[in-house]
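3D, please:
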Amino acid sequence: MSQRLLLMGMMNSRRGVTYLYNEGVENVAWVTGYSAGTTGNTQSKEATYLYLEALSIGQRTYVTDAVVDLTSISTIWVDWVNTGDAGMYSCLVASTNKTASYTTYNARTLVTGAFVRGTNSLDVSGLSGNHYIRVHASGVVGFIYSKIKAYKVWLE
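Take a look at the predicted model:
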């Protein structure tokens, strides 16, 4: 039997925001998702962020353990930083597939290269029904690191 995330009771009434992850608080469980490669790839749950590190062609992923109903959601936001190298990927994904690579998605935001802490959005206004939310760190060919700290993931 699959789990389904119920959004009731997690709303921040000030802004109409539903936090899935908020600086260490998991309003839905985040679990290890797709992983590829072994050397130099790691991930961990730190006090205030989800950490993902992928080297070369490796990938590391955190994914919601339960599906999220996106029927009345227009945007998914992520507050994150990537202190890795210039040629790697950071991805925020909405997908009906829980355990896939960043190349399998129903909607995706992909950022190339390192970046300072900030927010990126994912337009999900065209989606409806149940989807998993995934955060991916992906390296590319060569000794290139993707090092993500994801501080918040929320729905609006």
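
Could you double-check that N41 sits in contact with Y34?
No - if you go by CB atoms under 8 Å, N41 and Y34 don't touch, sitting 11.2 Å apart. For every residue, glycine as well, the C-beta is placed using N, CA and C.

joint contacts of the two?
Q59 (CB atoms under 8 Å, 6 or more residues apart in numbering).

Any idea how many residues pack against A47?
Counted by other CB atoms under 10 Å, the residues lying close to A47 total 6.

Can we start the residue count at 42 from this point?
All set: I'll call the first residue 42, so the last point we hit is now A88.

which residues does it contact?
G65.

Which pLDDT does the model give the spatially closest residue to Y75 that is not a sequence neighbour?
Among residues not flanking Y75 along the chain, T102 sits closest, at 4.5 Å (CB to CB, 6 or more residues apart in numbering). On pLDDT, T102 comes in at 97.

Please apply the same query to Y90.
According to the prediction, Y90 has pLDDT 98.

same thing with K86?
With respect to pLDDT, K86 has a value of 98.

Quick check: it touching W71?
Yes - look at K86 against W71 with CB under 8 Å: they come within range, at 7.4 Å.

Between these two, which has more neighbouring residues?
For K86 and W71, the more surrounded residue by other CB under 10 Å is W71, and the numbers stand at 21 against 15.

give me phi/psi at the more buried one?
Backbone geometry at W71, expressed as degrees, to the nearest 10, gives phi -110, psi 130.

Nearest residue to it in space, please, no chain neighbours.
Y103 (4.7 Å).

tell me which element Y92 is part of?
For Y92, the host element (DSSP states H and E) is strand 91-96.
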